[in-house]
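# Fold the following for me, if possible:
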Amino acid sequence: MRIPAVVILLLVVCAAWSQPRAPRLARMHYAGGGDWYNDPDILPNLARFANGELGTRFEEEQSVVQPADRELFNYPFVLLTGHGNIRFSSRELQNMRDWLLRGGFLYADDDYGMNDAFRREIARLFPDRELVELPAGHPLFSSWFAFPGGLPKIHEHDGERPQAFALFDDYGRIMVLYTYESNISDGWASPHVHKDPPDVREKALRMGANILYYILAGEA
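Sure, this is the predicted structure:
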C-alpha cells in the first residue's frame, strides 16, 4: 500500500527542512544568460495538481532561489529550466554540492537549448559522478501514475526519443534528475501558453506528480 503523500511530505519537510510555513516548490535563478524565469506558472500549476492528486499541501506559489543562497536548504524540490547558457561560480557549486549531499533534490528540464551548458556545469558540480540514463522500468515511472514506456514525450524539439538521466549519491538516492527531449515542465504551463492538448498536459502533470511522490517517499 502506498503511503499517503501528505504524510510523507510532512515528515520529510518537518524533519529535514523544519520550515514553519507550508512548503513551496522553488525555481533556480542561475547566471549565464539563460531564461531561468520562463513560464512562471508551471510550478504553481504543478503544486495545484499534486495537491489534488497526491493530497500534498504545497503553497500554490513558487519561490525563487539562487545557487549560493542558504535558503536553498529550505526547499524539498528545486526546478532548473531554460533555453540557454548556465554558469555556476565556485561558491555556488560548493553550496549546491552541500545541499544535494545533505538531501536536496534538483530537477533540471531542458526547455530546448540548455543541454550542453547543463552537462558542462553538472560535470563541474560532481566531477566524480556521471549522469545515468534511467530505464523505462525504473520506479520513478510507476511511483504514482504508470508510464510503462518510461518518460513521456511532451514537445517534439529535434524529434529524438525522450530521456531521463539521474545523478545518484553514495546511497543510491537521486540527487539530480535531468530530462532531455521531452520538456515535461512546458506541459505544466497553463493551456493558452503552448496550446498543448489536454491529454498532453495531463501526461506532463502526472509525470511531475510521479517525480514529487518518488522523492518525497524516498524510494531507491
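
# quick one: contacts of the biggest helix by length in the chain?
Longest helix in the chain, counting residues (DSSP state H): helix 198-217. If you take CB atoms under 8 Å, 6 or more residues apart in numbering as the criterion, helix 198-217 is touched by 2-3, 5, 8-9, 12, 45-46, 49-50, 53-54, 56, 76-77, 105, 107, 139-145, 147, 151-152, 154, 174, 177, 184-188, 191, 196. C-beta coordinates here come from the backbone N, C-alpha and C atoms, glycine included.

# of those, buried ones?
When these are checked for burial by 16 or more other CB atoms under 10 Å, the buried set is 5, 8-9, 12, 45-46, 49-50, 53-54, 56, 76-77, 105, 107, 140-141, 143-145, 147, 151-152, 154, 174, 177, 184-188, 196.

# Ser185 reaches Ile42, doesn't it?
Yes - judged on CB atoms under 8 Å, Ser185 makes contact with Ile42 at a distance of 5.1 Å.

# ok, how many other residues are close to Val176?
23 (other CB atoms under 10 Å).

# Over to Pro148?
So Pro148, with other CB under 10 Å, has 8 neighbours.

# for the closest residue to it other than its chain neighbours, what are its contacts?
Spatially, and ignoring its direct neighbours in sequence, Pro148 is nearest to Ala136 (7.0 Å; CB to CB, 6 or more residues apart in numbering). The contact partners of Ala136, by CB under 8 Å, 6+ apart, come to 147-151.

# For those residues, work out which two are farthest apart.
Greatest spacing in the contacts of Ala136, by CB to CB: Pro148 and Leu151 (11.4 Å).

# Identify the contacts common to the two.
Common neighbours of Pro148 and Leu151, counting by CB under 8 Å, 6+ apart, are 136, 141.

# all helices of the protein, in order?
Assigned by DSSP H, the helices in the chain fall at 5-12, 42-54, 90-101, 115-125, 191-194, 198-217.

# of all those, which lies closest to Ala31?
Comparing the helices of the chain against Ala31 with CB to CB, the closest turns out to be helix 90-101 (8.0 Å).

# Can you point out the buried residues in that closest one?
For helix 90-101, a neighbour-count test (16+ other CB under 10 Å) marks 92-93, 95-96, 99-100 as buried.

# what does stretch 164-180 give?
Neighbour-count burial for stretch 164-180, with 16+ other CB under 10 Å as criterion, is recorded at 164-168, 173-180.

# Done for today, thanks.
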